[in-house]
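J.: sequence first, predicted coordinates after that:
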Amino acid sequence: MKQLLILSLLCCYSISFAQNNKAMKKEDIYQFKVEDLYGGSFDFSTLKGKKIMVVNTASECGLTPQYEVLQELYDKYKNSNFAIVGFPANNFGGQEPGSNEQIAAFCEQNYGVTFPMMAKISVKGSDMHPVYQFLTEKAKNGLEDSEVQWNFQKYLIDTDGHLAKVIPPKTLPDDKSVTDWIEAKP
């Protein structure tokens, strides 16, 4: 009888542990499929095994020249298992008022952007896009809670699709802390 009670307790403990472990399991970015600037579908799972920088962008911001640095970084590392994914957002001072078509033209004409750019979304507030819910909520990303401070905040995703670092908007995309992370072996 005693053995049966112990066995029952162990069974309950195992089930409870498994449920808690599952609840604590962090999500990865590969679950998301989003719309790109041209109305097509972009599946983050196509980036499996790559380090990824996710950045919210704006065309009329004092930090907009970071597009040039982002493109240079992309050109330098795109063949080294690194990708950049941009998300235009109009959450800060109305600095991204254009349509997806206008944003695409602006990026191409002014900065020669070739890294993937997604359709305009919201990166904060009640209409926050699910990708940014993942990036900003510890319960989902397993690393930390954060808030998008301004345009050009960078989120670094490791080769397993998990959030690795949050980089403030004013830190340039090619800052040594970023390039060291890109160049480090997974």
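T.: Ah, there it is. Residues are numbered from 1 along each chain as shown.

J.: quick one, strands of the protein?
T.: 33-35, 41-43, 51-57, 82-88, 154-157, 163-167 (DSSP state E).

J.: least trustworthy helix or strand in this protein by mean pLDDT?
T.: Every helix and strand in the chain was compared by mean pLDDT, DSSP states H and E; the lowest is helix 2-24, with a mean of 51.

J.: just to revisit the earlier point, please identify the deepest-packed of the strands of the chain.
T.: Most buried of these by mean neighbour count (mean count of other CB atoms under 10 Å) is strand 51-57; its value is a mean of 24. Just so you know, the C-beta spots here come from the backbone N, C-alpha and C atoms, and that holds for glycine as well.

J.: that strand pairs with which strands?
T.: The strands beside strand 51-57 in its sheet (DSSP bridges) come out as strand 82-88 (parallel), strand 154-157 (antiparallel).

J.: with just CA atoms, put the first one into PDB.
T.: Taking C-alpha atoms only, strand 82-88 is exported to PDB below (Å, rounded to 0.1, in the frame of the first residue of the first chain):
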ATOM      1  CA  PHE A  82      23.100  36.300 -40.700                       C
ATOM      2  CA  ALA A  83      19.900  38.100 -41.700                       C
ATOM      3  CA  ILE A  84      18.200  41.400 -41.000                       C
ATOM      4  CA  VAL A  85      14.500  41.700 -41.000                       C
ATOM      5  CA  GLY A  86      13.000  45.200 -40.900                       C
ATOM      6  CA  PHE A  87       9.500  46.100 -39.600                       C
ATOM      7  CA  PRO A  88       8.400  49.700 -40.500                       C
END
